[in-house]
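*Asks:* Here's my sequence, what's the structure:
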Amino acid sequence: MKRTKIVDIFNPELIGSEVCVKGWVRTRRGNKYVQFVALNDGSTIKNIQIVFDMNNFTDEQLKPITTGASICVEGILVESMGKGQTCEIQAKKLEVYGTADPETYPLQKKGHTLEFLREKAHLRPRTNTFGAILRVRSALAYAIHKFFQEKGFFYLNTPLITASDCEGAGAMFQVTTLPLSDLPKTEDGAVDYAQDFFGKPTALTVSGQLEGELGATALGAIYTFGPTFRAENSNTPRHLSEFWMIEPEMAFYDIADNMDLAEEFVKYCIRYALDHCRDDIEFLAEHFDKDLINRLEFVLHNDFVRLTYTEGVKILEESGKKFEFPVSWGIDLQSEHERYLVEEHFKKPVILTDYPKDIKAFYMKQNEDGKTVRAMDVLFPNIGEIIGGSEREADYDKLLKRIEELNIPMKDMWWYLDTRRFGTVPHSGFGLGFERLVLFVTGMTNIRDVIPFPRTPNNAEF
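*Replies:* Predicted coordinates for the structure are as follows:
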């Protein structure tokens with residue numbers, strides 16, 4: 001008999017028909033007359049209850065059905081009298097695919113801490129919590145592609161192995177095939193990268209933005225969506241060493257166009273998740289963050305406030321609030337500052353613009369004042385910055401001067417400067433850390449819990 005996914009089984013039209021379900025056992029309870037098994041196949045947060053009439057089954061047949069075991073059941077779908085469920089399956093036929101020894105299977109019915117589950121990342125997707133998170137993550141990934149494709153953007157794959165450091169931070173994972181125990185050296189004692197696979201130093205990318213700009217100045221509007229890597233020794237609930245980034249780049253967009261797109265984009269993603277993952281989000285709200293749905297609706301139903309960095313700093317300085325990190329013009333704002341503006345002062349999402357050029361990347365368009373650049377950061381409740389972007393510097397001479405000021409090696413940047421030498425145009429873009437978005441939509445508090453296998457300092461398990 002053909003299998004029906006559990007997400008599709010709650011269909012009134014199927015009542016009275018024979019069905020086949022397959023999945024993993026969540027719980028089993030009952031007595032010598034009747035046994036109840038809660039079965040889940042990962043397609044939904046909901047379990048289907050299987051009813052075993054013990055006149056038709058033996059104790060020996062049901063003995064392998066313990067939490068974590070995988071089974072196939074055929075039976076009749078009937079309306080349920082039980083609380084919290086609309087239907088159940090009266091079992092007629094049982095097949096056990098795989099057992100799970102109760103003595104050694106780590107995910108028993110009792111509640112587990114998120115810290116414990118991080119140590120069991122290979123099994124945690126089988127829990128209700130991580131099933132819900134991963135379904136939301138999948139829906140958000142689809143929504144991102146859908147949004148940009150419907151707007152006529154082209155999906156561009158940018159390199160994961162690169163010789164350029166987009167952010168200028170230097171926190172990159174090196175890629176090499178040289179023997180680390182016997183590195184070839186040049187006459188002056190330096191590592192001889194001419195003997196390496198690519199003939200020069202290379203690393204895993206921290207961003208696809210620079211290559212994305214090449215795509216935008218040919219195709220008009222592109223987006224990237226792929227893994228990026230940061231070798232920062234940051235053991236915080238908001239940082240990963242391997243994470244996914246969405247980076248649209250648009251020719252003929254100024255900073256205002258960029259802000260409009262960013263606001264429309266995040267609202268679209270949140271709306272899509274609420275429309276398509278309501279059960280999962282309600283489960284996460286109930287168990288982890290009672291205010292989650294209100295906060296999602298808050299973002300959807302409010303226009304984002306737009307103000308300059310200078311205005312934001314003035315508000316913070318005059319707030320009378322004592323911050324852990326003191327506020328003054330020229331500092332890089334901390335999460336506590338960003339959240340104050342969003343949660344306490346405006347009570348709306350905020351887009352901050354026109355940051356000091358000294359705390360922003362070299363490629364951002366300089367304002368006439370010579371001190372600030374056309375940067376923009378989108379700030380959300382509970383998280384702070386969720387999107388960072390800017391209008392890009394389109395003037396060849398200004399960009400070259402900034403590169404020289406920051407001592408960025410020109411041999412790495414000639415191809416990027418060519419976009420300003422040959423048919424330069426106003427253009428803009430932004431970056432969204434995918435896990436930050438998933439964190440916001442699921443209400444989780446640690447970024448390690450919204451990616452299947454987190455990569456952090458001293459942790460590359462699984």
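*Asks:* tell me the contacts of residue 285?
*Replies:* 291, 292, 293, 443 (C-beta atoms under 8 Å, 6 or more residues apart in numbering). Every residue, glycine included, has its C-beta placed from N, CA and C.
*Asks:* Which SSE is immediately downstream of the strand or helix carrying it?
*Replies:* For residue 285, the element it lies in under DSSP states H and E is helix 278-287. Sequence-wise, the next helix or strand downstream of helix 278-287 (DSSP H and E) is helix 292-300.
*Asks:* What distance do you get for residue 149 to residue 248?
*Replies:* 12 Å (C-beta to C-beta, to the nearest Å).
*Asks:* I meant to write residue 412 there.
*Replies:* 24 Å.
*Asks:* Please identify which of these two sits among more neighbours.
*Replies:* The neighbour comparison of residue 412 against residue 248 (other C-beta atoms under 10 Å) goes to residue 248, with 29 against 16.
*Asks:* Can you tell me, leaving aside adjacent residues, what's nearest to that one?
*Replies:* residue 223 (4.2 Å; C-beta to C-beta, 6 or more residues apart in numbering).
*Asks:* The one you found should be in a strand, yeah?
*Replies:* Yes - the assignment for residue 223 (DSSP: H, G, I helix; E, B strand; the rest coil) places it in a strand.
*Asks:* Mind listing the residues bridging to it?
*Replies:* residue 155, residue 248 (DSSP bridges).
*Asks:* okay, now it: neighbour count?
*Replies:* Neighbours of residue 223 (other C-beta under 10 Å): 26.
*Asks:* Unless I'm misreading it, it sits right up against residue 155, doesn't it?
*Replies:* Yes - in terms of C-beta atoms under 8 Å, residue 223 counts as a neighbour of residue 155; the distance is 6.2 Å.
*Asks:* Find residues that contact each of those two.
*Replies:* What both residue 223 and residue 155 touch, as defined by C-beta under 8 Å, 6+ apart, is the set residue 148.
*Asks:* three-state assignment of residue 91?
*Replies:* Recorded secondary structure, residue 91: strand (three-state DSSP).
*Asks:* where along the stretch 51-200 of the chain do the helices fall?
*Replies:* 59-62, 114-118, 128-150 (DSSP state H, counting those that start in this stretch).
*Asks:* show me where the stretch 201-350 of the chain has helices.
*Replies:* Taking DSSP H, counting those that start in this stretch, the helices of the stretch 201-350 of the chain run over residues 209-219, 255-276, 278-287, 292-300, 309-317, 335-339.
*Asks:* Just put those helices in CSV and tack on mean pLDDT and distance to residue 78.
*Replies:* Formatted as CSV, the helices of the stretch 201-350 of the chain follow (pLDDT from 0 to 100; distance: least, C-beta to C-beta, whole Å):
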stretch, mean pLDDT, distance to residue 78
helix 209-219, 96, 55
helix 255-276, 98, 28
helix 278-287, 97, 22
helix 292-300, 95, 33
helix 309-317, 98, 60
helix 335-339, 95, 51
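*Asks:* For this structure, which residues score under the pLDDT cut-off?
*Replies:* Residue ranges of the chain with pLDDT under 70: 165-170.
*Asks:* For it, identify the residue most remote from the centre.
*Replies:* Distance from the C-alpha centroid of the chain peaks at residue 55, with 49.5 Å (C-alpha atoms, centre = their mean).
*Asks:* What separation is there between that one and residue 35?
*Replies:* 11 Å.
*Asks:* The closest residue to residue 325 other than its chain neighbours: what's it in contact with?
*Replies:* Once flanking residues are discounted, residue 325 sits nearest to residue 334: 4.6 Å by C-beta to C-beta, 6+ apart. Applying C-beta under 8 Å, 6+ apart to residue 334 gives the contacts 323, 324, 325, 384.
*Asks:* How about stretch 327-340, which residues are buried there?
*Replies:* By 16 or more other C-beta atoms under 10 Å, the buried positions in stretch 327-340 come out as 327, 333, 334, 335, 337, 338, 339, 340.
*Asks:* Where does the residue nearest the centre of the chain sit, in terms of helix or strand?
*Replies:* The centre of the chain sits closest to residue 435, judged by C-alpha atoms, centre = their mean, with a distance of 2.2 Å. Element membership of residue 435, judged by DSSP H and E, is helix 434-442.
*Asks:* Can you spell out which helices and strands pack onto that helix?
*Replies:* helix 128-150, strand 242-251, helix 255-276, helix 278-287, helix 292-300, strand 384-391 (3 or more C-beta pairs under 8 Å, 6 or more residues apart in numbering; DSSP states H and E).
*Asks:* Dump these to a markdown table, plus distance to residue 367.
*Replies:* Below are the helices and strands packed on helix 434-442 laid out as a markdown table (distance: least, C-beta to C-beta, whole Å):
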| stretch | distance to residue 367 |
| --- | --- |
| helix 128-150 | 29 |
| strand 242-251 | 20 |
| helix 255-276 | 10 |
| helix 278-287 | 40 |
| helix 292-300 | 29 |
| strand 384-391 | 10 |
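*Asks:* Mind checking those for the one nearest to residue 173?
*Replies:* strand 242-251 (9.0 Å; C-beta to C-beta).
*Asks:* And the strands in the stretch 1-150 of the chain?
*Replies:* Applying DSSP state E, counting those that start in this stretch to the stretch 1-150 of the chain gives strands spanning 18-30, 34-40, 48-53, 70-79, 87-98.
*Asks:* could the ones you listed go into CSV alongside distance to residue 4 and mean neighbour count?
*Replies:* As requested, the strands of the stretch 1-150 of the chain are exported to CSV (distance: least, C-beta to C-beta, whole Å; neighbours: other C-beta atoms under 10 Å):
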stretch, distance to residue 4, mean neighbour count
strand 18-30, 5, 18
strand 34-40, 12, 20
strand 48-53, 9, 20
strand 70-79, 9, 18
strand 87-98, 10, 16
